[in-house]
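> Got a predicted model here, sequence first, then my questions.
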Amino acid sequence: MNPLIIDHLAVVIIFEHSFFIFDKRRYLRDQQESDPSFYAALDQYTASPHAVAVREGVSAAVLAYEEATKTAVYTHQGSLPAWIAKLQFKWSQKKQAKAELIKTTLEITLNHRLPRP
């Protein structure tokens, strides 16, 4: 799951930047032959420190998610049968951990955008 998330975030960052490059070229009426804006954005992303920061940030976020879902400890309280209460508790913990993972990956994406050309 970790490499897949890293790749997806990288693609989001690269595509966003490629749109800025495309728009800038269109605005300036860039008639000269040049690389497609996606390749220019990809080159800038791989050369930037953002690639490493995204990889490290996502790795830490996924590790935290895996730990949160693995180490959920349930203590029975209430009138529901224990097995139902335990399922509800685990589902709630996974839902909360997933929400935190999504929030963290969104923050990573927004914090590591490439500067506008």
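Noted; the coordinates are in hand. Numbers count the residues shown, from 1 in each chain.
> tally of neighbours for the closest residue to Ser48 other than its chain neighbours?
Leaving aside its sequence neighbours, Ser48 sits nearest to Leu114 (Cβ to Cβ, 6 or more residues apart in numbering; 6.3 Å). To be clear about C-beta, it is placed using only N, CA and C from the backbone, and glycine gets the same treatment. As a burial measure, Leu114 scores 17 neighbours (other Cβ atoms under 10 Å).
> quick one: secondary structure of Leu114?
Local secondary structure at Leu114 is given as coil here, using DSSP: H, G, I helix; E, B strand; the rest coil.
> so what's it up against?
Contact partners of Leu114, counting by Cβ atoms under 8 Å, 6 or more residues apart in numbering, are 13-14, 16-17, 41, 44-45, 48, 50.
> do Ala99 as well
Neighbours of Ala99 in contact, by Cβ under 8 Å, 6+ apart: none.
> State the phi and psi torsions of it.
Here is the backbone geometry of Ala99 (degrees, to the nearest 10): phi -60, psi -40.
> And for Leu114?
Dihedral angles for Leu114 - degrees, to the nearest 10 - are phi -80, psi 150.
> if I look at the residue nearest to Ser48, how far off is Ala99?
Distance, Leu114 to Ala99, using Cβ to Cβ, to the nearest Å: 27 Å.
> any idea which helix or strand carries Ser92?
helix 82-111 (DSSP states H and E).
> what is the mean pLDDT for that helix?
The average pLDDT within helix 82-111 is 80.
> give the contact list for Lys98.
Tyr65.
> Where does the prediction get shaky in the chain?
Across the chain, the ranges flagged by pLDDT under 70 are 1-4, 25-35, 71-89, 116-117.
> cutoff 80 now
Residue ranges of the chain with pLDDT under 80: 1-10, 15, 17, 19-39, 69-92, 114-117.
> And the contacts of Leu114, which is closest to Ser92?
If you rank these by distance to Ser92 using Cβ to Cβ, Ile13 comes first, at 32.1 Å.
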